[in-house]
Every structure is written in structure tokens, then in C-alpha cells.
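# can't give you the sequence, but here's the structure:
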Ligand SMILES: NC(=O)C1=CN([C@@H]2O[C@H](COP(=O)(O)OP(=O)(O)OC[C@H]3O[C@@H](n4cnc5c(N)ncnc54)[C@H](OP(=O)(O)O)[C@@H]3O)[C@@H](O)[C@H]2O)C=CC1
Ligand SMILES: Nc1nc2c(c(=O)[nH]1)N=C([C@H](O)[C@@H](O)CO)CN2
């Protein structure tokens, strides 16, 4: 059983919440970050999961979160960067949206990994992990989500740099999902559109991401990879 907590950002809903709950079920102490207080956050607290407020929209707010994290724990078993702002490019170039996605997808993982490295090194367990949740579009582009895909590509590149810099003490890997969960308002047409893009047509839900997280946490000989969890889009 893990004694040092696992931090997962954006753990208040959807994929992050599902993985936070499974990690807790597996006996890991879990810390999630959230921005908006709501019943789901209280429900996680009632399960024994720690919820820390974090807004990754500026360097100052990222550093403020890191300071609170360090006052909350002296060690971490793993950091899972799941938080994300998903914004399309429609309506013309919007620099503010690009800047926000840079902050959330690149600057927050960069600063948290560098500043929290000592917390991972203080973990007495044999393995320590950083996992970046990126996106299929990081390696393939997206005509409707160009800024989103570009900032996820930056996170994917950070995986390579930090895997080399943090080895052998800390493993650094990424998971690149595609079409995992629908959003409110997604209709049958969009579901059919998603299924048409995959060799394995399905919108599987968060279990498949949890399986990837568990694999990476348990694998002592894997670092610097991006694990595609996308239904085989690249072979379609
Ligand atoms: N869902 C899917 O099918 C796919 C998902 N992915 C990736 O998987 C991960 C999880 O996806 P999903 O669960 O749908 O994600 P969500 O869109 O539900 O976002 C996850 C969390 O990110 C947090 N967040 C957003 N902006 C900020 C910010 N500025 N500061 C701090 N936290 C922020 C939110 O916290 P709060 O709610 O507390 O405000 C939110 O709960 C993401 O990285 C996503 O890009 C990739 C491909 C497919
Ligand atoms: N932060 C988010 N990123 C992404 C989401 C999401 O809901 N939040 N969704 C996708 C999927 O491609 C979705 O459109 C189909 O499941 C991509 N990234």
C-alpha cells in the first residue's frame, strides 16, 4: 500500500475523478486539485480524498498552489497532470485562449514537476512517477483545435525532456487519449463521427485511461513514452 500520496490535477470530474477514485480504491492516499467547489468535491472528501484548490491560469497562481501543496505533504508517490482547458479555434484567433491552454497544459506541469521534484524524491517507495495526460492531436494536429493540440504537443515534448532529466529516480510518461468520453450536448451524429475515426469504434469511458495509469505506475522499466489510448485512430 502506498504511504505517499498521489496528486492528480483536475480530479473533480470525468477522467480525473474516475482515476482519483480508483487510486484511492487501490489504497493510495490521493490529493486532487479543483477550481470550483461543488458536491462532487465534497463527495470525494467524504471518501477520504484530499481536495486542494488550484487555478493554473497564471504563473503566480501555479506557484501559489505549489506552496500550499508543499505545506500539505512532504512526499509524493506520483503526479498526474490531467487538468485541461479544451477550446476550439472557431471565431478567429484568440490569443487569450491560447495563453490559457499554454498555462494549463505546459506551464503548470513544467513548474509543478520542477518544484515538486523534491517531494517525489522524498517518497520512500521504490518507484516514483509523473504522468502527463496529453491527446492524440498532439502528434497528429487538429484543424479545429489548433492551439489546444499545440499546447498538448508541448506537454508531450516535456515528457521526453523530463524523462531524461529525472531518470533513474523518477519515471516520466504520457497517455494520449482520443474520444474517451462525450460532453453534454454531443449527439448521435458526433458519436458516429468519433466512431468513424477509430479502428476500434467505441467511446469507452474513463476505465481505459485508468488502465493506462495503473500500467505506468506499476512498470519499473518504462519511461519517456506516450501511451496512445485512441482506438487505433492512426491505423484507420
Ligand atoms: N474526454 C476525452 O474524451 C479526452 C480527454 N483528453 C484529456 O484527458 C484529460 C481529462 O479529460 P476530461 O476529463 O474530459 O477533462 P475536463 O474537460 O473534464 O477537465 C478536467 C479538469 O481540468 C480542470 N481545469 C480546467 N481549467 C483549469 C485551470 N485553468 N486551472 C486548474 N484546473 C483547470 C477542471 O477543474 P474544475 O472542474 O475544478 O474547474 C476540470 O475538472 C484532459 O487532459 C483532456 O485534455 C484527451 C482526449 C480525449
Ligand atoms: N479538457 C478536455 N479535453 C478534451 C476533451 C474534454 O472533454 N476536455 N474531449 C476531447 C474528445 O476528443 C471529445 O471531443 C470526444 O470524446 C478531447 N480533449
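Here it is on my side, so go on. Remember, predicted model here, so these are calculated numbers, not experimental data. Numbering: from 1, shown residues only. Ligands and ions are numbered 1, 2, ... in the order given.
# so where is the chain shaky, pLDDT-wise?
For the chain, applying pLDDT under 70 flags the ranges 1-2, 92-93.
# what sits against residue 201?
Going by C-beta atoms under 8 Å, 6 or more residues apart in numbering, residue 201 touches 195, 231. For every residue, glycine as well, the C-beta is placed using N, CA and C.
# The chain against ligand 2: which residues are in contact?
By the criterion of C-beta under 6 Å from any ligand atom, the positions of the chain lying close to ligand 2 are 84, 86, 135, 178-183, 194.
# one more time with 8 Å
When proximity is defined as C-beta under 8 Å from any ligand atom, the chain approaches ligand 2 at 10, 14, 84-86, 135-137, 145, 148, 177-183, 186, 190, 194, 203.
# just the buried members of these?
By the neighbour-count criterion of 16 or more other C-beta atoms under 10 Å, the residues of the chain next to ligand 2 include these buried positions: 10, 14, 84-85, 135-137, 145, 148, 177-180, 194, 203.
# so which of the residues you listed comes closest to ligand 2?
Within those, distances to ligand 2 taken as C-beta to the nearest ligand atom reach their minimum at residue 84, with 3.2 Å.
# is residue 33 in a bridge, and if so with what?
Judged by DSSP bridges, the bridge partners of residue 33 are residue 52.
# residues in contact with residue 100?
57, 85, 87.
# quick one: the first one is in a strand?
No: using DSSP: H, G, I helix; E, B strand; the rest coil, the assignment for residue 57 is coil, not a strand.
# Return only those of the contacts of residue 100 found close to ligand 1.
Near ligand 1, taking C-beta under 8 Å from any ligand atom as the test, the members of those found are 57, 85.
# quick check, residue 144 in a strand?
No: Residue 144: not assigned to a strand; according to three-state DSSP it is coil.
# pretty sure it contacts residue 89?
Yes: the pair residue 144 and residue 89 passes the contact test of C-beta atoms under 8 Å, sitting 6.4 Å apart.
# quick one: residue 34 from ligand 2, how far?
As for residue 34, its distance to ligand 2 is 14 Å (criterion: C-beta to the nearest ligand atom, to the nearest Å).
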